[in-house]
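**Student:** Prediction below, plus the sequence it came from.
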Amino acid sequence: MSGSVERDAQGRRRARWTPWLLLAPGVLWLFWFFYLPLYSLLRMSLSTKPSRFAVPEFSWAWSNYQQAFSDYGSQFTRSFTYALAATLLALLIAYPVAYVIAFRGGRYRNILLGLVVVPFFTNFLIRTLAWKTILGDQGGVVSLLRTVGLLDANEVLLRTPIAVIGGLTYNFLPFMVLPIYVSLEKIDPKLLDAARDLYSNTWRGFRKVVLPLSLPGVFAGSLLVFIPAAGDFVNAYYLGNAKTTMIGNVVQDQFLVQNNYPVAAALSFVFIAIVMVIVAVYSRLLGTEDLT
Amino acid sequence: MTGSAGTRSGRRDRTRDGTVMSPSGRAGRIGINLAAAAGLLYLFLPIFVIVAFSFNAPVGRFNAVWNRFTFDNWLNPFADEALVDALLLSLRVAAISTVVATVLGTFLAIALVRYRFRGGEGINFLLVLPLTAPEIVLGASLLTLFLSPTLWLFNISFALGFATIVIAHIMFLVSYVALTVRARLRGFDWTLEDAAMDLGATPTRTFWKVTLPLITPGIVAAALLSFALSIDDFIITYFVSGPSTTTFPVRIFGQSRTATPPQINVLSTMILIVSVAILAVGTLAGERRRRRTGF
């Protein structure tokens, strides 16, 4: 059975049972602890739970969804607005970093990439707490902005949307840098030479060659920032106030503090549905298939 | 380097055919370098604060305002026992979840890259979906599963705690491992296995002597990533950990309402140093291996 194994163009074997044996444990785990929970979340979102300590009962209770929309509309809007702002900011900060590492990094490429990842070896909560210190009312940033005149003496950064968006941008930044870097790194330098030979200046060469070829990275990066940012509650918890609560804060509070599981489940479902619609529309607009 | 003749010769202001680059081009070049430097500085700003505040003698219970320099926190890094217990629990969770997720994920990756079979594309989709779901939905949905034991196929239920945390971590790590290992396996030359078997090796021997050593770097990279992701995870863990089982991040979150002892900063700085050391050793080993074997 040695040399005679049948293989396709990628060297893959044709087989019937072996792959399924290899797949079974992982797929079963995902089925059991990812897909089945989604079903139980759906069931929970249609259940009723008359009191805090009652056992939830399935009863086609669509009123949970009604409540999710009517009571928490502003938190939904805020989550997606903040996430969009954080995604755009992250793109603005990440693109030059990825560009310089990919095109000017030379021998130091790997070290520079390492530098992008190193800050994220400290815990997410501790980084956010550090931002709380940096943006604090007695912190350096506030006093600097007051000296320059960008902030009035009684204005602050902490407990404002600016701080929350800043925290979201920071915490998910590497998810923007890395995919953009990967797509930039794949670009053949000869293409840039060709553009130059055809009398294209640097800016035009960038716009016509580099930017289009990096769009798959931008696409992946913006989803990798937008989705976790929209669902986050830690940044709003530490850096915001009652007026900056996001949908994650509500879900967290309803689930773990109020124990109002049905409404919390309905909120989660509405949230994931909106995320899926946004992802679908965005993929249509900036689909990667015809760009790569 | 872009590889153009102009940059290679070191005359950065000249383009390929020797014409002097326009001043706006040079300004743009400096501008983008500055923007990248500012970006890196932004990335490191909180890290400087975390390390600096590990040397702070805080006034009151919150280590948030700079008071004065001290070595006390570093001399007593394990003073907060509950925090140390939480860190040890996190390490245990990460070790177990990493081992299981790495095995399951590697099986998935091998099956997808090595074999051609009906349904492969569907499996791909099944794997990617958990990665696109917001963490809060993963945590919330697992919690509803753990709360409603009647949904279990074998009608077993777990109280929220160590087991549910490990189950959750394995769930979100499996896809990461599968995709990381698959990316590394894509360029693998499977005919090497045929060569080994042509030379008389049994399939088992071929796997241990040829296949495994060649795919090990990818598996190690995936395992390290899993370990880091598991230790860092807060949102999912917070949902499924229950009241009495506290990982490092959950402890920090719970405690931060009433106090933030400087030991938090000391322990995170230690974790940072260890991670950087592992990253550096891994990168060096990888480079040496590439130079020696070309793979």
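**Tutor:** Everything's here; your move.

**Student:** Which single residue of chain A ends up nearest chain B?
**Tutor:** A:Gly231 (3.1 Å; CB to the nearest CB). Where C-beta positions appear, they are placed from N, C-alpha and C, glycine not excepted.

**Student:** That residue touches A:Ile247, doesn't it?
**Tutor:** Yes. Counting by CB atoms under 8 Å, A:Gly231 does reach A:Ile247; the two are 7.3 Å apart.

**Student:** Quick one: end-to-end length of stretch A:191-206, please.
**Tutor:** Using CA to CA, to the nearest Å, the gap from the first to the last residue of stretch A:191-206 comes to 11 Å.

**Student:** Just confirm yes or no for stretch A:153-171 near chain B.
**Tutor:** Yes. Stretch A:153-171 reaches chain B (CB under 8 Å from any CB of the partner chain) through A:Tyr170.

**Student:** Buried residues of that stretch, list them for me.
**Tutor:** A:156-171 (16 or more other CB atoms under 10 Å in any protein chain shown).

**Student:** A:Gly231 and A:Ile247: which is more packed in?
**Tutor:** Neighbours were counted for A:Gly231 and for A:Ile247 using other CB atoms under 10 Å in any protein chain shown; A:Ile247 has more, 29 against 26.

**Student:** How about the contacts made by the more buried one?
**Tutor:** A:Ile247 is in contact with A:Tyr72, A:Gln75, A:Phe76, A:Arg78, A:Ser79, A:Ala230, A:Gly231, A:Leu267, A:Phe271, counting by CB atoms under 8 Å, 6 or more residues apart in numbering or on different chains.

**Student:** ok, the second one - contacts?
**Tutor:** Yep, that's A:Gln75 we're talking about. By CB under 8 Å, 6+ apart, the neighbours of A:Gln75 are A:Thr245, A:Met246, A:Ile247, A:Asn249, A:Val250.

**Student:** With adjacent residues omitted, what lies nearest to the third one?
**Tutor:** The spatial neighbour of A:Ile247 that comes closest, neighbours along the chain excluded (CB to CB, 6 or more residues apart in numbering or on different chains), is A:Ser79 at 4.4 Å.

**Student:** what do you get for the fourth one?
**Tutor:** Taking CB to CB, 6+ apart, and ignoring the residues beside it in sequence, A:Asn249 has A:Phe233 as its nearest neighbour in space, at 4.4 Å.

**Student:** remind me, longest helix of chain B?
**Tutor:** Counting residues, the longest helix found in chain B (DSSP state H) is helix B:81-114.

**Student:** Going by contacts, tell me the helices and strands next to it.
**Tutor:** helix A:18-30, helix B:120-132, helix B:162-185, helix B:212-232, helix B:248-255, helix B:263-293 (3 or more CB pairs under 8 Å, 6 or more residues apart in numbering or on different chains; DSSP states H and E).

**Student:** can you put the ones you listed in TSV and add distance to A:Arg204, mean neighbour count and mean pLDDT?
**Tutor:** Compiled in TSV, the helices and strands packed on helix B:81-114 are given as follows (distance: least, CB to CB, whole Å; neighbours: other CB atoms under 10 Å in any protein chain shown; pLDDT from 0 to 100):
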stretch	distance to A:Arg204	mean neighbour count	mean pLDDT
helix A:18-30	47	19	90
helix B:120-132	35	15	85
helix B:162-185	34	23	92
helix B:212-232	39	19	89
helix B:248-255	47	22	94
helix B:263-293	36	15	86
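
**Student:** what's the overlap in contacts for A:Gly231 and A:Ile247?
**Tutor:** Common neighbours of A:Gly231 and A:Ile247 (CB under 8 Å, 6+ apart) are A:Ser79, A:Phe271.

**Student:** What about the residue of the stretch 51-200 of chain B found nearest chain A? Give its phi and psi, please.
**Tutor:** Nearest residue of the stretch 51-200 of chain B to chain A (CB to the nearest CB) works out as B:Pro134 at 3.1 Å. Main-chain torsions, B:Pro134, degrees, to the nearest 10: phi -60, psi 140.

**Student:** In contact with the most centrally placed residue in chain B, which residues?
**Tutor:** Closest to where the C-alpha atoms of chain B average out (CA atoms, centre = their mean) is B:Leu225, at 3.2 Å. Neighbouring residues of B:Leu225 by CB under 8 Å, 6+ apart: B:Tyr176, B:Val177, B:Thr180.

**Student:** do that again at 7 Å, thanks
**Tutor:** When contacts are counted by CB atoms under 7 Å, 6 or more residues apart in numbering or on different chains, B:Leu225 touches B:Tyr176, B:Thr180.

**Student:** how much space is there between it and B:Phe55?
**Tutor:** 31 Å (CB to CB, to the nearest Å).

**Student:** excluding its backbone neighbours, what's nearest B:Thr102?
**Tutor:** Leaving aside its chain neighbours, B:Thr102 sits nearest to B:Ala223 (4.6 Å; criterion: CB to CB, 6+ apart).
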